[in-house]
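*Asks:* what's the 3D shape of this:
(chains A, B, C and D)
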Protein chains: 2
Amino acid sequence: MITQTLRVYLLKRLSKYIKKLNIKKKTTIKDIANVLNISPAAVSKALHNDPRISEKTKKAVKQVAKNLNYQPNHLASALRKGKSHLVGVIVPRTNSNFFSSVIQNIEEVLNKEGYNIIITQSNESYQKECNNIDTLLFTQVDGIIASMANETIDLSYYEKIKSKGIPLILFDRGENDLNVDYIGIDDYKSSHVIVEHLVNQGCKRIAHIGGYRHTRIFNNRIKGYIDALKKHDLPLDSELLIECSLTTDDGRDKMLQLLRLKNKPDAVYVASDYAALGALQVLKENNIRVPQDIALVGFGNEPFTAMLSPSITSINQHSTEIGKQAAKTFLNYTKKKTVKQALNKIILDAELIVRESSTSKEQ
Amino acid sequence: MITQTLRVYLLKRLSKYIKKLNIKKKTTIKDIANVLNISPAAVSKALHNDPRISEKTKKAVKQVAKNLNYQPNHLASALRKGKSHLVGVIVPRTNSNFFSSVIQNIEEVLNKEGYNIIITQSNESYQKECNNIDTLLFTQVDGIIASMANETIDLSYYEKIKSKGIPLILFDRGENDLNVDYIGIDDYKSSHVIVEHLVNQGCKRIAHIGGYRHTRIFNNRIKGYIDALKKHDLPLDSELLIECSLTTDDGRDKMLQLLRLKNKPDAVYVASDYAALGALQVLKENNIRVPQDIALVGFGNEPFTAMLSPSITSINQHSTEIGKQAAKTFLNYTKKKTVKQALNKIILDAELIVRESSTSKEQ
DNA sequence: AAACTTTGGTTAAACGTTTAACCATTCTAC
DNA sequence: GTAGAATGGTTAAACGTTTAACCAAAGTTT
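*Replies:* Reported below is the predicted structural model:
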């Protein structure tokens, strides 16, 4: 009679035998070493152009590697070197032209240096953003490039990244209090450019549908708006300054709110193209002529601003440059091994793209 | 006198000493084992709820892990297990609502099962797509979910994935010849739905600005268009069937081409919302009333179709469902260990979203 | 009480690569 | 002709985790 112990034992021997049969293994550095009768270490060095390996050996190794269709095991080298060559990217969402363009440029720069990126979306949710950070840390990324969700106020999670010694670079939506690298446009100045443009078009009562002040960029846009009004001797009317989440629906709501005023504005500067879209819909529904009755300016230069009629004047945020600079800032960390690094705050000048919604009020 | 050899030797000893000084190491499974005076193996098993570890030990291990702020090293486990728990996603671009929504849903489903995704964009370029596949394979992804670039005709690169035994799931843009899982909508039927709708609105001369036939989905849309015309006893006029890349500029060009015809169409079915946008711009520039003079239907239900005036009728592609199904199809591979797996071809019914550009021709 | 099972672990090897340390030759210079 | 350097490698350990194989002690059958 076969006992339980014996049965288990036989089963194990069998499975071991079967395993030896299907030798579908991928080629490793060891295989190459065997073919050439050298050590695996020599192969590794040859593949990395180590000066202590002769040209002859290098050529041979590379040839055999090609023949055996060798693909280096990234996991093994990452484990050994303590570097994953992966960079995490966190954005509120990818389906905005700005973010997807930034991502594309980050990818372009980093790929050239042998880095890959992992993109995650927070959907503007603080919870999701924390999860994203966790999964990125779990995946052992070498760095994180992020733009914060609108909701995010508590920064302890970002501190977590810093405390692990992983480079963190923020762009567009970045909190200044976190002492960290940052790339973005000059929001304060952008507001000045917009107000100045509207004043030149003859506007005298300019409203601002902005984001919440706790987000630095929106705060800066608000401050710029206020200072620019002062500069042009326009009165600051608290009725005309509204904070919200800047969704399309918010744009609709807040525009309606402005239309209900006794003393209506003759121009509205909206801090996001999506909210500007909502505002435009409301204006059209109420048969208010844009720009003749009320001029409109958005922010972000999303492609759809050019598709609408009237097309919407907006601010171009230089996504290309922001993406490239963010990637380069990260690469600086990997190259210089200095522990303490000077912080990079790169502020780009934004550009006003003038379209129908704010031109030639007189005509 | 200190010789070169001696100098090098001393330097090495020094660096070794320094290394021992800054012990900023992350906590590993070994540290936990040391604290509890058990073996690292026991810790690993405890963390994975192995039945051979007592509840008491498990609790202790988890407590210590939390205290020491233990983060498992994903690279090490991936190397050991031969699984990276990373899934590669390739899309033509992320800044389309369809793709970003698909991605979001893939991510949602996979994250729950402990998988992360790496998103790459091909920008509709075959070259870039090949590079993406290479980097994904290099990163040792456990599977690839892809939608092919318009340019892609040569499928040898995709064969490369299959030959490595890595699950490949295609969605939306997927070639049937590659014997591989696929999730998409019923393009053939969608064309029928569109043509039927236009006929119901009183259209009698329906043009189609489509994609190139070598992409399966565009071929199916063309076939559906042709068969639907036959079904409704409408003549098929080769002048009215145009193939192109379906960019916004293409939409403009091809619409102009249609307007130059002696016998103009009274409806245009465009196989992409972006091209439909170009077509609409041209129609408006030429003071052609939409839908009264020419009705217009797009494809993809991009958000901007609802923003324009007139808003564009379009086909909703069920991005949510496609993303979820794609992720689930991949997960099936990881769960069942059967070598040969039945191929999944999931074809979803598409939904026509009727808007201003094609309604009430009579009014 | 002999024969086996169960419980709760331990040991050691393995994943594929990198790298510090070592070594045998050959070359160079005084 | 011998101290030292240069050349072209080799050896072995390490990265952190998982897992097959083993084992001691306590419990259960017959």
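
*Asks:* Now do the closest residue in space to A:Thr313 that isn't next to it in sequence against B:Phe304, distance only.
*Replies:* Spatial nearest neighbour of A:Thr313, excluding adjacent residues (C-beta to C-beta, 6 or more residues apart in numbering or on different chains): A:Ser358 at 4.1 Å. All C-beta atoms are positioned from the backbone trio N, CA, C, and that covers glycine. Relative to B:Phe304, A:Ser358 is positioned 20 Å away (C-beta to C-beta, to the nearest Å).

*Asks:* out of these two, which sits in the more crowded spot?
*Replies:* A:Ser358 (29 against 20; other C-beta atoms under 10 Å in any protein chain shown).

*Asks:* The more buried one: what's it in contact with?
*Replies:* A:Ser358 makes contact with A:His197, A:Leu198, A:Gln201, A:Ala267, A:Pro291, A:Ala295, A:Leu296, A:Val297, A:Thr313, according to C-beta atoms under 8 Å, 6 or more residues apart in numbering or on different chains.

*Asks:* can you confirm A:Ile209 is in a helix?
*Replies:* No - counting by DSSP: H, G, I helix; E, B strand; the rest coil, A:Ile209 is not found in a helix; it is strand.

*Asks:* my read: it touches A:Asp253, true?
*Replies:* No - with contacts counted by C-beta atoms under 8 Å, A:Ile209 stays clear of A:Asp253, the gap being 9.4 Å.

*Asks:* pretty sure A:Ile353 contacts A:Ser311?
*Replies:* No - contact criterion C-beta under 8 Å: A:Ile353 and A:Ser311 do not qualify, at 9.3 Å.

*Asks:* which neighbours do these two share?
*Replies:* Taking C-beta under 8 Å, 6+ apart as the contact rule, the neighbours common to A:Ile353 and A:Ser311 are A:Thr305.

*Asks:* mind listing what the residue in the stretch 101-250 of chain A positioned nearest to DNA strand C touches?
*Replies:* Going by C-beta to the nearest atom of the strand, DNA strand C is nearest to A:Gly114 of the stretch 101-250 of chain A, at 10.9 Å. By C-beta under 8 Å, 6+ apart, the contact set of A:Gly114 is A:His85.

*Asks:* Just confirm it is within a helix.
*Replies:* No - applying three-state DSSP, one finds A:Gly114 to be coil, outside a helix.

*Asks:* got the contact list for A:Val61?
*Replies:* Per C-beta under 8 Å, 6+ apart, neighbours of A:Val61: A:Ile32, A:Leu36, A:Ile38, A:Ala42, A:Val43, A:Ala46, A:Leu47.

*Asks:* host element of it?
*Replies:* helix A:55-67 (DSSP states H and E).

*Asks:* Of all the residues in the helix or strand following that helix, which ones are buried?
*Replies:* Using DSSP H and E, the helix or strand that follows helix A:55-67 in sequence is helix A:74-81. For helix A:74-81, a neighbour-count test (16 or more other C-beta atoms under 10 Å in any protein chain shown) marks A:His74, A:Leu75, A:Ala76, A:Ser77, A:Ala78, A:Leu79 as buried.

*Asks:* What's the local residue count around the residue of the stretch 101-250 of chain A found nearest DNA strand D?
*Replies:* DNA strand D sits closest to A:Gln140 of the stretch 101-250 of chain A, with a gap of 9.4 Å, by C-beta to the nearest atom of the strand. If you count neighbours by other C-beta under 10 Å, A:Gln140 ends up with 24.

*Asks:* what's the closest non-adjacent residue to it?
*Replies:* A:Ser84 (4.4 Å).

*Asks:* ok, A:Arg260 - contacts?
*Replies:* By C-beta under 8 Å, 6+ apart, the contact set of A:Arg260 is empty.

*Asks:* Which pLDDT does the model give A:Ala78?
*Replies:* What the model reports as pLDDT for A:Ala78 is 93.

*Asks:* if I read this right, it contacts B:Leu75, doesn't it?
*Replies:* Yes - with contact defined as C-beta under 8 Å, A:Ala78 counts as touching B:Leu75 (5.0 Å).

*Asks:* so what sits against both of those two?
*Replies:* The contact lists of A:Ala78 and B:Leu75 share A:Ser84, A:Gln140, where a contact means C-beta under 8 Å, 6+ apart.

*Asks:* in the sheet, who's paired with the residue nearest in space to the middle of chain A?
*Replies:* Geometric centre of chain A, nearest residue: A:Val91, 4.6 Å, by C-alpha atoms, centre = their mean. Counting by DSSP bridges, A:Val91 forms beta bridges with A:Gln121.

*Asks:* Return the residues in contact with it.
*Replies:* When contacts are counted by C-beta under 8 Å, 6+ apart, A:Val91 touches A:Phe99, A:Val102, A:Ile103, A:Ile119, A:Thr120, A:Gln121, A:Ser122, A:Ala146, A:Ser147.

*Asks:* does the fourth one sit in a helix, a strand or a coil?
*Replies:* When the structure is reduced to helix, strand and coil (three-state DSSP), A:Ile119 reads as strand.

*Asks:* For burial, what's the neighbour tally of it?
*Replies:* 26.

*Asks:* thinking it is in contact with B:Gln121, fair?
*Replies:* No - A:Ile119 is not in contact with B:Gln121 according to C-beta under 8 Å; the separation is 9.4 Å.

*Asks:* Spit out the residues that contact those two alike.
*Replies:* A:Ile103, B:Thr94.

*Asks:* hmm, back to that, make CSV out of the contacts of A:Ser358 and add pLDDT, secondary structure and neighbour count.
*Replies:* Below are the contacts of A:Ser358 laid out as CSV (pLDDT from 0 to 100; DSSP: H, G, I helix; E, B strand; the rest coil; neighbours: other C-beta atoms under 10 Å in any protein chain shown):
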residue, pLDDT, secondary structure, neighbour count
A:His197, 97, helix, 19
A:Leu198, 97, helix, 27
A:Gln201, 95, coil, 19
A:Ala267, 97, strand, 28
A:Pro291, 93, coil, 25
A:Ala295, 97, strand, 26
A:Leu296, 97, strand, 26
A:Val297, 98, strand, 32
A:Thr313, 97, strand, 27
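
*Asks:* Please tabulate those residues in a markdown table, including the columns distance to A:Tyr126.
*Replies:* Below are the contacts of A:Ser358 laid out as a markdown table (distance: C-beta to C-beta, whole Å):
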| residue | distance to A:Tyr126 |
| --- | --- |
| A:His197 | 35 |
| A:Leu198 | 34 |
| A:Gln201 | 39 |
| A:Ala267 | 34 |
| A:Pro291 | 37 |
| A:Ala295 | 35 |
| A:Leu296 | 31 |
| A:Val297 | 29 |
| A:Thr313 | 32 |
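
*Asks:* Near chain B, which residues of the stretch 201-350 of chain A are found?
*Replies:* With C-beta under 8 Å from any C-beta of the partner chain as the criterion, the stretch 201-350 of chain A meets chain B at residues A:Leu277, A:Gln281, A:Lys284, A:Phe304, A:Met307, A:Leu308, A:Ser309.

*Asks:* Filter those down to the buried ones, PyMOL style.
*Replies:* What follows is the PyMOL syntax selecting those of those that are buried according to 16+ other C-beta under 10 Å:
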select buried, chain A and resi 277+281+304+307+308
